[in-house]
Every structure is written in C-alpha cells, then in structure tokens.
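# Mind folding the following:
(one chain, ligands or ions: 1)
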Amino acid sequence: MKNICFINGSPRSKKANSTLYLNLIDKSLDSKNYTKYYIDTTSSIKGDLESTFKTLLDADYIILAFPLYVYSMPSLLVRFLEDYYIYLKNKDTISQKTNLYAVVNCGFPDAKMNVEALKIVFNCCKKLNINFRFGIGIGAGEFVNFSKNNPLLNKLSSCVYKSINKITYDIENQVSIEINNIFVNPKIPRRLFFIFGHIFWKKWAKRNGIKISALFDKPYSD
Ligand SMILES: Cc1cc2nc3c(=O)[nH]c(=O)nc-3n(C[C@H](O)[C@H](O)[C@H](O)COP(=O)(O)O)c2cc1C
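Sure, this is the predicted structure:
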C-alpha cells in the first residue's frame, strides 16, 4: 500500500480549479492500492501542522496543485512549504523517497506562463529532498472547470485531461525515466476565450456591487 498526499494550494479551497485537477487524479487511482490523504493549505495553517507534516513525510507520492499568482505560488502555499522545511530541519530528518508531481493552472490561455512557478516547485523539492517528477502547466484553468458539465465545451479540454492522466500513468507504472514538464491549453479559440472572460468579469463586478467602469480603474498609476 502506497501513501499519496494531495495538497491543495489554492486559497479558494474546495471551490478551486485546483480541486478539480486533484479530484481527477484521485479518482483515477484505485483506492485498494493507495492510502490517500488530503491537505488544504488554507485550513492546515490553522490546524495541527505537526501531524500534517508527518503525513507529508510518510508520503510515497505528493500531488501538489495550485493556481498561478503573479507568476508564482499563493503566499499561503509558500508559507506552508517554508514551515515544512523548518519542521524537517528541527527534526533533523529527511523525507523518504517521495515523488512529487505539480499541477499549476493559470487564468490566461497561455500555459507557458506557468514555467517559472514550476521552477520554483523544482527548487523547493531540492531543499526538501523530494524527487520532483514533473509538472503540468495548464492555461485557461477557469475555463476547464467552468465547462466541465457542458459536454460540447468540455471536449475542448480533453487535451488537459489527457495530460493529467500522465501523472496517474507515471505513478501506476513507476516510470523512472526523466519526463519534461507538460504545458497544455484547452482548445478554445482565443477570441472566444476573451469574450467568455469579459462576460465573467462583468458578472463578478455586478455580484460585488462594482460598476463595470470601475474595472478599468488604475488606483496606483500616479
Ligand atoms: C492574486 C492573483 C494573482 C493571479 N496571477 C495570475 C497570473 O500571473 N497569470 C495568470 O494567468 N493568472 C493569474 N491569476 C488567475 C488564477 O491563476 C486563475 O484564476 C486560476 O485558474 C485559479 O485557480 P484556483 O481556482 O485553483 O485557485 C491570478 C489570480 C489571483 C487571485
């Protein structure tokens, strides 16, 4: 029985696109063969970090999913990883042979925007003595989640689902050859993506009592 630890690094927690990607991997791995643990960086910070870190230390596989925040990680996740580093240092212990996979999703339909964030994960893994297997950078992450219940639109995301499956394949087949990071965008035409995007932002502005014109404000420009 192998231990798998799913880390959700999105401050949106259960509502996050990152949750969708973690759930897809979780569902594809037979529970008979794996003991699965879920860590939510938003709630774990308030909870018993010691036992959370112990779970992490005992993991054979870590699947880390998070959104791209300004070409990097959400600060809660940075804090979580820094705290884990301190925990390891204080315990004077190193993690066993843990393999880590990262799934980063960003808002723009440009998966390559996630390049730097995956480099950050790679460097964190070096510090934490974790074996970074590979990462998947997903563009238009909001679209994949938004369209998941629409069979027609969901087809545009099939390349994203295929890429996610590569993590399952790698775990189940214990692949040892080096694999490069994968970057994938749903096949939505850019123009259509931005039309959807504008509708979405206007809806959110209204929901939050903000005038559409206020979306163009530049409060820090002077
Ligand atoms: C503070 C903040 C910073 C962001 N920075 C970027 C960015 O640099 N590039 C980008 O494409 N999307 C950016 N986004 C959009 C998110 O990456 C995107 O909405 C993602 O799908 C959210 O995933 P989640 O639901 O898993 O949190 C940002 C969002 C927030 C809230």
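# chain center to the least confident helix or strand in the chain by mean pLDDT: distance?
In the chain, no helix or strand scores lower on mean pLDDT, DSSP states H and E than helix 41-44, which sits at a mean of 85. On the basis of Cα atoms, centre = their mean, to the nearest Å, helix 41-44 sits 14 Å off its chain's mean C-alpha point.
# From the contact counts, what lies against it?
Using 3 or more Cβ pairs under 8 Å, 6 or more residues apart in numbering; DSSP states H and E, the elements in contact with helix 41-44 are strand 2-8, helix 75-91. In this view, the C-beta of every residue, glycine as well, is placed from N, C-alpha and C.
# would you turn the ones you listed into JSON lines with mean pLDDT and distance to residue 53?
Below are the helices and strands packed on helix 41-44 laid out as JSON lines (pLDDT from 0 to 100; distance: least, Cβ to Cβ, whole Å):
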{"stretch": "strand 2-8", "mean pLDDT": "97", "distance to residue 53": "11"}
{"stretch": "helix 75-91", "mean pLDDT": "93", "distance to residue 53": "5"}
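# Of those, flag the one that's most buried.
strand 2-8 (a mean of 21; mean count of other Cβ atoms under 10 Å).
# Is it in proximity to the ligand?
No - if you take Cβ under 6 Å from any ligand atom as the test, strand 2-8 misses the ligand, and the best it gets is 8.0 Å.
# now the angle between helix 75-91 and that strand, please.
140 degrees (axes from the mean of the first three to the mean of the last three Cα atoms, to 10 degrees).
# strands paired with strand 2-8, and their directions?
Strand pairing for strand 2-8, using DSSP bridges, gives strand 34-40 (parallel), strand 61-67 (parallel).
# Can you add mean pLDDT and mean neighbour count and give those strands back as a markdown table?
A markdown table is the format used below for the strands paired with strand 2-8 (pLDDT from 0 to 100; neighbours: other Cβ atoms under 10 Å):
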| stretch | mean pLDDT | mean neighbour count |
| --- | --- | --- |
| strand 34-40 | 96 | 17 |
| strand 61-67 | 98 | 25 |
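# Which of those strands sits closest to the ligand?
Taking Cβ to the nearest ligand atom, strand 61-67 is the member of those nearest to the ligand, at 3.0 Å.
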